[in-house]
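A.B. asks: What would the 3D arrangement of this be:
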Amino acid sequence: MTTNANIFAKRRDKLNSILEQQGLDAIALNAGPAQTYFTDLHFHLMERPVVVFLAPKQDPVIVLPDFEKAKTDVMKGLRVVTYGEDPTKWQDSFNQGAKLLGNLNRIGVEGLRMRVMELRYLETAFPTAKFEQAESLLGQLRMHKDEAEIASMQRAVEIAEGALEATIAKVKVGMTEREVSGILIQQLYANGCDPELPFLPIIAAGANSANPHATVSDRKILKGDLLLFDWGASVDGYFSDLTRTFAIGEVEPEFKRIYEVVKLANQAGRDAAKPGAPCSSVDDGAREAIEDSGYGKYFTHRTGHGLGLEAHEEPYMRAGNSMILEPGMTFTVEPGIYLDGRGGVRIEDNVVITQSGARTLSSFPRELRVIG
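C.D. replies: Next comes the predicted model:
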C-alpha cells in the first residue's frame, strides 16, 4: 500500500467504527466528495450511476459502468461490479453487488447527494433494508482536516488571492460583470487552480452587490459603485471561498461607513473562533458588531459555513448552533450588510481551528480599496 492508500484506508476504518456504533450495516455513497474522501476514486454525477458500498468487516464494493473500471485500480481490495450501456441490465449489477455484501438491514445514504435513480436500484437490490440519512455521520469525519488537507486549502487561498490581484488591475469603468468574471476565471487557472472551480465567481456591481448570491450579468461597472467579488480556487479537490468588496472611484459616505462596520464584524467573528467555543459564538460575535452599529436588519444570512471538499459543508456558523469548535475544523467568516437597491459589502475569510485558537488562511487586505 502507498502512503496515500493508507490515508484512505484509515478513513474507512474510522467510518466503519462509527457505522458499528450507530448500528448501520453499510453506507452507500454516490459519486461526489464523500465517495472521493473515503476511496480516492474520482467520479462525477452523470446519467450512469456509480455507487460505492462501505461496510464493516468486509471489502468495499463498487457498481459502475464498464468503461470506468480502469479508474478503480487505485484502490486495493475493492470488489468491482460493472454494467454496459443497456439501462435495462443495470439493476442486475446492483443485485450482484448486493449478493457480495450479504444481508444488510440498515444502510446509510447521503440525502443531499443520493438521487431517486440510485435509490430505486438500492431499494430493489436490498428489498428488506431500511435507508437512513447519514450526512451528520460523514460530517463527523470530514470536518476535521489533517495537515495535508489544510495545506491544500492554504494553497487554494493563495491561488485565489493571486488571481484577484491580477484581475482588479484590469478592471475599468464601463466593463460588465460578465467581462470581469471571465478575467478572474482565466487568472484562477493561470495561477494554478485545479480544473474544477468551487463555484462560478460572483461579480456584483452597484445595486447587484446588495444581493448576497447575485448572478453575474451584463450590468456595467460605474463610478461610485461598490464592486463585490465572491470567488475561490481548488487544489487537490479542496476549496477556498473568499469575498472582498471594492470602491469604484469615490463612493457615498454610507457605503464607507458600512464597509468599516463589516470589517469590524469580520474581525469579531474571527476573534470568537477558538477550540471549545460553540459555532454560534462566531455568528454572535460578528452579528453583535453589526447590530451595535444599527445595521442588524441588513445582515441577512449566517456568518459562515464549513469548507473543504465542498464549498458548503459542516460546521455552520449560525445562531443557535451548539456544535463545539475543535482543531482541524475549517470554515468561512463572512458577515455582510446589504442595502437593498443601493449596494452591499461582504468580507469573507477562511479560518482553521488550531490547538490554541484559530488561524486565518486568507491574507488579502481588508481595507477599502479604490479601483477602476
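A.B. asks: I'd like the next helix or strand past the longest helix along the chain.
C.D. replies: Looking across the chain with DSSP state H, the single longest helix is helix 147-168. Sequence order places helix 177-190 as the next helix or strand after helix 147-168, per DSSP states H and E.
A.B. asks: And for that next one, what's in contact with it?
C.D. replies: Helix 177-190 is contacted from outside by 159-160, 162-164, 166-167, 170-171, 195, 197, 200-201, 203-205, 208, 216-219, 221, 229, 231, 233, using CB atoms under 8 Å, 6 or more residues apart in numbering. Placement of C-beta: from N, CA and C, glycine included.
A.B. asks: Counting neighbours, which of those end up buried?
C.D. replies: For the contacts of helix 177-190, a burial check counting by 16 or more other CB atoms under 10 Å picks out 159-160, 162-164, 166-167, 171, 197, 201, 203-205, 208, 216, 219, 221, 229, 231, 233.
A.B. asks: how close does the nearest residue to Val333 once chain neighbours are set aside get to Leu24?
C.D. replies: With sequence-adjacent residues excluded and distances taken as CB to CB, 6 or more residues apart in numbering, Val333 is closest to Gly269, at 4.2 Å. To Leu24, Gly269 is 36 Å away according to CB to CB, to the nearest Å.
A.B. asks: who's more crowded, these two?
C.D. replies: Of the pair Gly269 and Leu24, Gly269 is the one with more neighbours under other CB atoms under 10 Å, namely 28 against 23.
A.B. asks: now the spatially most central residue of the chain: how far from Asn191?
C.D. replies: The centroid of the chain falls nearest to Ala311 when counting by CA atoms, centre = their mean (1.7 Å). Distance from Ala311 to Asn191, counting by CB to CB: 18 Å.
A.B. asks: repeat for Lys71
C.D. replies: Distance, Lys71 to Asn191, using CB to CB: 28 Å.
A.B. asks: in its sheet, what does the strand or helix carrying Tyr338 sit against?
C.D. replies: Per DSSP H and E: Tyr338 is located in strand 336-339. Applying DSSP bridges to the sheet, strand 336-339 is found paired with strand 343-346 (antiparallel).
A.B. asks: Need the contact partners of the strand it pairs with.
C.D. replies: 204, 206-207, 209-212, 225-226, 228, 230, 243, 245, 251, 255, 258-259, 262, 334-338.
A.B. asks: which strands and helices sit next to the longest helix of the chain?
C.D. replies: Applying 3 or more CB pairs under 8 Å, 6 or more residues apart in numbering; DSSP states H and E, one finds that helix 147-168 makes contact with helix 177-190, strand 226-231, strand 234-235, strand 238-239, strand 242-248, strand 330-333, strand 349-353.
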